[in-house]
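**Student:** Take this sequence and fold it.
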Amino acid sequence: MNLASIRVITADVARLVAFYERVTGVEARWSTEDFAELVTASATVAVASTRTVPLFAPGAARPADNHTVIIEFLVEDVDHLYRDLAAFLEDVVQAPTTMPWGNRSLLFRDPDGNLVNFFTPVTPAATARLAR
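**Tutor:** Below is the predicted model of the structure:
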């Protein structure tokens, strides 16, 4: 089994897609005005309109209401990205910090309030754990 994607439901697809394009450097692939995907080497971040929710189960997902999931991106140099994005990011939760498990992490919120973590393994154990 492989994780294929994370889908974020939003009331403003264009705004959220533009945000993720800017922070990731990945150009979105649009299917409709209600659905776009940012495809990376290992997984996809899908962004979908609230209008898509009834296709699955009415009321099953609510935009800007996530308090449990962190969308994580493995990046080459988290400190470099932070310097590039600092003026753009409106809600930095934690500047780059080395975590006890060996990752250097930048935690911020997207425009809908979802937590995003950019991280770089900085210890030999973290590097080995994340080797693919």
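
**Student:** contacts, neighbours, all on C-alpha from now
**Tutor:** OK.

**Student:** Tell me where this protein has strands.
**Tutor:** With strands called from DSSP state E, the chain shows them at 5-10, 29-32, 35-39, 44-49, 70-74, 92-98, 103-109, 115-121.

**Student:** mind giving me CSV with those strands and columns for distance to Ala86 and mean pLDDT?
**Tutor:** Shown next, in CSV, are the strands of the chain (distance: least, C-alpha to C-alpha, whole Å; pLDDT from 0 to 100):
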stretch, distance to Ala86, mean pLDDT
strand 5-10, 23, 96
strand 29-32, 26, 98
strand 35-39, 22, 98
strand 44-49, 22, 97
strand 70-74, 17, 96
strand 92-98, 8, 98
strand 103-109, 10, 98
strand 115-121, 13, 97
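
**Student:** Let me have the ones you listed in CSV, extended by mean neighbour count and distance to Leu81.
**Tutor:** CSV is the format used below for those (neighbours: other C-alpha atoms under 10 Å; distance: least, C-alpha to C-alpha, whole Å):
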stretch, mean neighbour count, distance to Leu81
strand 5-10, 19, 22
strand 29-32, 11, 23
strand 35-39, 20, 18
strand 44-49, 21, 19
strand 70-74, 15, 12
strand 92-98, 16, 10
strand 103-109, 22, 9
strand 115-121, 22, 9
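
**Student:** quick one: which of these is nearest Thr127?
**Tutor:** The closest of the strands of the chain to Thr127 is strand 115-121. By C-alpha to C-alpha, the value is 5.2 Å.

**Student:** who does that closest one pair up with?
**Tutor:** The sheet places strand 115-121 alongside strand 70-74 (parallel), strand 103-109 (antiparallel), with pairing taken from DSSP bridges.

**Student:** Done for today, thanks.
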